[in-house]
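> Test case, fold it:
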Amino acid sequence: MTQDTQFTSILEVNLDAIAENYRRLKAYAPTAETAGVVKADGYGLGAEAVAGRLYHEGCRVFFVASVDEAMTLRPVLPADARIAVLNGYAAGDTETFIENRLVPVLNDPEQVERRVADCHRLDQALPAFLHVDTGMNRLGLTAPELSKLAAEGDRFEGPHWLAVMSHMACADTPEHPLNQQQLARFQDARRQLPGMPASLSNSAAVLTNTAYHFDLTRPGIALYGGEAVLATANPMQPTVRLLARVLQVRTVAAGDTIGYGASFTAATPRRIATIAAGYADGYLRAASNTAEVAVNGRLVPVVGRVSMDMHAIDITDLGEETLRAGDLVEVFGPDQWVDATAEKSGTIPHEFLTRLGKRYHRRYTGKVDLGSANGPHT
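Now for the predicted structure:
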């Protein structure tokens, strides 16, 4: 419990811990280059700050979802940082990619043809990733599409191919049979693209099997300290602490209900604190009556339905003088990491982190100022 009278609720992001997680992930795959996945605003923690610190740690390849996300990062990262866009190479975005040195992840034959044509038009070997689908069935060339292009020989001539890549669907469950099926399909794709570097590993794949590492790994959630592999000890450091302001403390009588829908009824008189974190801030409604928060290192239950701006916690067992309006309590952090909060809410840490709202005041430790992307960098 701490007090801070200036801000309603505070999100503390430890960039030193993110840097340590990056170093640990590199150690898991020492023969591969380690990229940083910073899509969804750096999993909700601030892509500019996260990417800046990762660059300082030696990261030179960054993956985002969209052109908009890439354009947010381009001014803050040096020119030698490659920013790859996972969602593809749309016809209307080609000049934006070229002018801003963005790298497309090519997901279908039309996108491949478009990038090849741009290389020939400009007489430049523009960089690109080639995405092949091996079982996720979201994005990427199908096996027949890849075979058709590869058989035509010159269809891949022109770009500087950074890697052929695919994405694993079940790496968080190491024993799942799809993992080996995807690996075999990926190896078949590689045989059709001799000499092209390869990238298959997400966070879970980095941590579970060196056979998935290849030339470039692409960790996401593990960078931010989230659980990447189910039912195993998490080897990553926590990186974020969410502190919510206590708005009011009251005693409710036996039989009183709390919140919308009267989903909690007090069996005995209870001491209730209302805190400033609701679903508009990314604190999921699914946490209603299931999650806990930490007060002075002790966990207390969420009671009643999480509403838009706030939710209630039962502090009866802590004593009447424990909390007062204006105090801060730990929604998640060192006393209860986001993995546990997410599990109690029936979801995954990825969802909890990426939904964190803009109303939190963000505090960064270990921030690195890289200056202008057009200026000198050391």
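
> which stretches of this protein have low pLDDT?
1-7, 320-321, 371-378 (pLDDT under 70).

> Going along the chain, name the helices of it.
Ranges of helices in the chain, per DSSP state H, are 15-28, 39-43, 47-56, 67-73, 94-99, 109-122, 143-151, 177-191, 203-208, 338-344, 349-354.

> residues making contact with the fifth one?
Looking back up the chat, that one is helix 94-99. Outside of helix 94-99, the residues within contact range by CB atoms under 8 Å, 6 or more residues apart in numbering are V67, M71, V85, Y89, L102, V103, P104, R114, D118, L122, L126. (Glycine included, C-beta is placed from N, CA and C.)

> hang on, the earlier thing: can you list the helices of the chain in a markdown table and add mean neighbour count?
As requested, those are exported to a markdown table (neighbours: other CB atoms under 10 Å):
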| stretch | mean neighbour count |
| --- | --- |
| helix 15-28 | 19 |
| helix 39-43 | 22 |
| helix 47-56 | 22 |
| helix 67-73 | 20 |
| helix 94-99 | 15 |
| helix 109-122 | 17 |
| helix 143-151 | 14 |
| helix 177-191 | 17 |
| helix 203-208 | 26 |
| helix 338-344 | 20 |
| helix 349-354 | 22 |
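
> Please convert those helices to CSV, extending it with distance to A228.
Below are these laid out as CSV (distance: least, CB to CB, whole Å):
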stretch, distance to A228
helix 15-28, 10
helix 39-43, 12
helix 47-56, 17
helix 67-73, 22
helix 94-99, 30
helix 109-122, 29
helix 143-151, 27
helix 177-191, 14
helix 203-208, 4
helix 338-344, 10
helix 349-354, 9
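
> Those helices: which one's closest to D215?
Nearest to D215 among these is helix 177-191; the distance by CB to CB comes to 10.4 Å.

> quick one: contacts of that closest one?
Against helix 177-191 from outside (CB under 8 Å, 6+ apart): 132, 134-136, 143, 146, 164, 166, 168-171, 173, 196, 198, 200, 209, 211-212.

> just stretch 133-143 next, same as before
Under CB under 8 Å, 6+ apart, the answer for stretch 133-143 is 86-88, 105, 107-109, 112, 130-132, 149, 166-169, 178, 181-182, 185-186, 188-189.

> just stretch 309-326 next, same as before
Counting by CB under 8 Å, 6+ apart, 1, 3, 5, 245-249, 258-259, 264, 269-278, 280-281, 283, 287-288, 293, 295-296, 298, 300-305, 329 sit against stretch 309-326.

> Can you give me the buried ones in that stretch?
D309, M310, H311, A312, I313, D314, I315, T316, L318, T322, L323 (16 or more other CB atoms under 10 Å).

> Hmm, P197 is touching L162, no?
Yes - under the criterion of CB atoms under 8 Å, P197 makes contact with L162 at 6.6 Å.

> For the nearest residue to I258 once chain neighbours are set aside, which residues are in contact?
Take I258 and drop its neighbours on the chain: the residue closest to it by CB to CB, 6 or more residues apart in numbering is G304, 3.5 Å away. Contacts for G304 were tallied using CB under 8 Å, 6+ apart; they are T257, I258, G259, Y260, S263, F264, S288, N289, H311, A312.

> Serialize those residues to CSV and add fields for distance to A222.
Listed next are the contacts of G304 as CSV, based on distance: CB to CB, whole Å:
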residue, distance to A222
T257, 41
I258, 37
G259, 35
Y260, 36
S263, 35
F264, 35
S288, 29
N289, 30
H311, 29
A312, 33
